[in-house]
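K.L.:
Mind folding the following:
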Amino acid sequence: MQIERQPEVSGIIVTYNPDLKGLKSLLDAIVPQLGPVIIVDNGSKADIGTWLREQDVHVEIVALGDNLGIAKAQNVGIERARAHGSRFVLLLDQDSLPAPDMVVTLLAAAKAQISNGVKLGCVGPRYEDTRQNNPPPFIRTNGFRLERQACATPDAVVDVDYLIASGCLIPMGTLDDVGGMREELFIDYVDIEWGLRAQQKGYRSFGVCAALMKHDLGDEPILFLGRQIPVHGPLRHYYHFRNAVWLYRQPWLRFNWKVVDGSRLLRKYVFYSLMTVPRVQHAKMMTTGIFHGLSGKMGKKAGNG
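P.N.:
Now for the predicted structure:
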């Protein structure tokens with residue numbers, strides 16, 4: 001397959017103690033597809049800048065020197081992309097692996113929506129977690145129901161409420177209007193909050209079924225009733241629950257979305273408390289997160305490296 005470079009798109013890769021073999025695979029896959037590629041490193045123990053100079057890739061590195069959170073790192077990368085004059089940005093996690101035609105497919109879908117007069121929030125690929133049986137579906141809320149948006153055809157483009165950050169292609173003009181990522185969230189719900197904020201301002205986001213990417217969601221999943229359930233460690237569950245509760249308190253957010261997501265959050269609390277080890281630690285961190293979300297205690301949690 002011939003790879004088509006898209007110079008109007010800047011790639012932003014956020015790193016934090018990455019698996020270097022996986023990062024090299026990502027760079028080999030994505031650099032030929034993009035214009036500028038910017039790595040924003042969140043204080044990794046390894047010297048990513050030195051490692052990059054040893055590789056046969058041409059990327060820009062911004063070393064933050066400390067773990068300032070994924071939202072801050074993405075905003076720094078967006079500003080660099082803006083300085084490069086890029087019309088679109090592509091956000092990527094360090095452990096993602098895009099298909100050779102992912103960017104050209106996403107960009108074509110984005111331009112098609114814009115040419116149809118759609119206020120475009122973002123477009124994103126269908127990602128495959130190889131540890132699970134099926135690609136996770138795109139989702140949206142309809143009334144008080146969560147609808148899983150399956151790909152009816154290989155080239156379908158489906159409406160969604162939001163997309164995961166990795167693989168998300170965003171017009172720079174949309175970022176100018178909607179704003180960047182909320183840095184006080186640090187990690188988790190950063191992409192959800194941005195997607196819903198864009199939606200509240202009239203922008204629409206789409207899952208592009210023909211654009212493919214491999215991406216591992218969470219740590220090693222737990223098999224439960226025939227399904228692989230993604231889980232994280234206790235600290236990530238703290239951020240997940242804190243930021244969800246904080247988001248529910250935002251006055252601009254749709255009430256039905258709060259109800260739907262809140263019911264899912266409640267089920268997650270019960271599941272993680274019973275099924276993830278160490279159970280007490282998970283329950284303690286989720287409960288602390290809920291209280292901090294209610295009180296507005298945001299930012300990086302004390303003790304987070």
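K.L.:
ok, L169 - contacts?
P.N.:
Shown in contact with L169 (C-beta atoms under 8 Å, 6 or more residues apart in numbering): V9, F88, V89, L90, V103, L106, L107, A110, C122, V123, G124. For the C-beta atoms, the positions are set from N, CA and C on the backbone; glycine is no exception.
K.L.:
If we use 6 Å, what do you get?
P.N.:
Applying C-beta atoms under 6 Å, 6 or more residues apart in numbering, we find L169 in contact with F88, L90, L106, A110, V123.
K.L.:
From N304, how far off is the last one?
P.N.:
From V123 across to N304, the span is 32 Å (C-beta to C-beta, to the nearest Å).
K.L.:
repeat for E183
P.N.:
Distance from E183 to N304, by C-beta to C-beta: 14 Å.
K.L.:
Name the residue in these two with the higher neighbour count.
P.N.:
E183 (19 against 13; other C-beta atoms under 10 Å).
K.L.:
What's the per-residue pLDDT of the more buried one here?
P.N.:
On pLDDT, E183 comes in at 98.
K.L.:
For the closest residue to S25 other than its chain neighbours, give me phi and psi.
P.N.:
Excluding the flanking residues, the one nearest S25 by C-beta to C-beta, 6 or more residues apart in numbering is L97, at 5.9 Å. Phi and psi for L97, reported as degrees, to the nearest 10, are phi -140, psi 100.
K.L.:
partners of L97 in the sheet?
P.N.:
K214 (DSSP bridges).
K.L.:
one step back: need the contacts of L169 in TSV (columns: secondary structure).
P.N.:
Output for the contacts of L169, formatted as TSV (DSSP: H, G, I helix; E, B strand; the rest coil):
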residue	secondary structure
F88	strand
L90	strand
L106	helix
A110	helix
V123	strand
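K.L.:
which of the residues you listed count as buried?
P.N.:
F88, L90, L106, A110, V123 (16 or more other C-beta atoms under 10 Å).
K.L.:
Make CSV out of those and add pLDDT and distance to G195.
P.N.:
Below are the buried ones among the contacts of L169 laid out as CSV (pLDDT from 0 to 100; distance: C-beta to C-beta, whole Å):
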residue, pLDDT, distance to G195
F88, 98, 16
L90, 98, 15
L106, 98, 15
A110, 98, 15
V123, 98, 12
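K.L.:
and of these, the nearest to E4?
P.N.:
Using C-beta to C-beta, L106 comes nearest to E4 of the buried ones among the contacts of L169, at 11.9 Å.
K.L.:
And the nearest residue to the closest one once chain neighbours are set aside, how close does it get to V76?
P.N.:
Spatial nearest neighbour of L106, excluding adjacent residues (C-beta to C-beta, 6+ apart): L169 at 4.4 Å. Between L169 and V76 the distance is 19 Å, computed by C-beta to C-beta.
K.L.:
Give me the below-cutoff pLDDT ranges for the stretch 201-305 of the chain.
P.N.:
217-221, 225, 305 (pLDDT under 70).
K.L.:
how about the helices in it?
P.N.:
The residue ranges that make up the helices of the stretch 201-305 of the chain, judged by DSSP state H, counting those that start in this stretch, are 234-248, 255-275, 279-295.
K.L.:
who wins for proximity to L175 among those helices?
P.N.:
Going by C-beta to C-beta, the one of the helices of the stretch 201-305 of the chain nearest L175 is helix 234-248, 19.5 Å.
K.L.:
now the closest one against helix 279-295, angle please.
P.N.:
30 degrees (axes from the mean of the first three to the mean of the last three C-alpha atoms, to 10 degrees).
K.L.:
what's in contact with helix 234-248?
P.N.:
Residues outside helix 234-248 that contact it (C-beta under 6 Å, 6+ apart) are 185, 187-189, 193, 258, 265, 281-282, 285-286, 289-290, 292-294.
K.L.:
Tell me who's in contact with the residue nearest the centre of the chain.
P.N.:
Nearest to the mean C-alpha position of the chain, by C-alpha atoms, centre = their mean, lies A165 at 2.0 Å. By C-beta under 6 Å, 6+ apart, the contact set of A165 is L91, D191.
K.L.:
let's see 10 Å
P.N.:
Applying C-beta atoms under 10 Å, 6 or more residues apart in numbering to A165 gives the contacts 12, 14, 70-71, 74, 91-93, 96, 122, 124, 181, 190-192, 194-195.
K.L.:
cool, and L265?
P.N.:
Taking C-beta under 10 Å, 6+ apart, one finds H240, F241, A244, V245, Y248, K258, M286, I290 in contact with L265.
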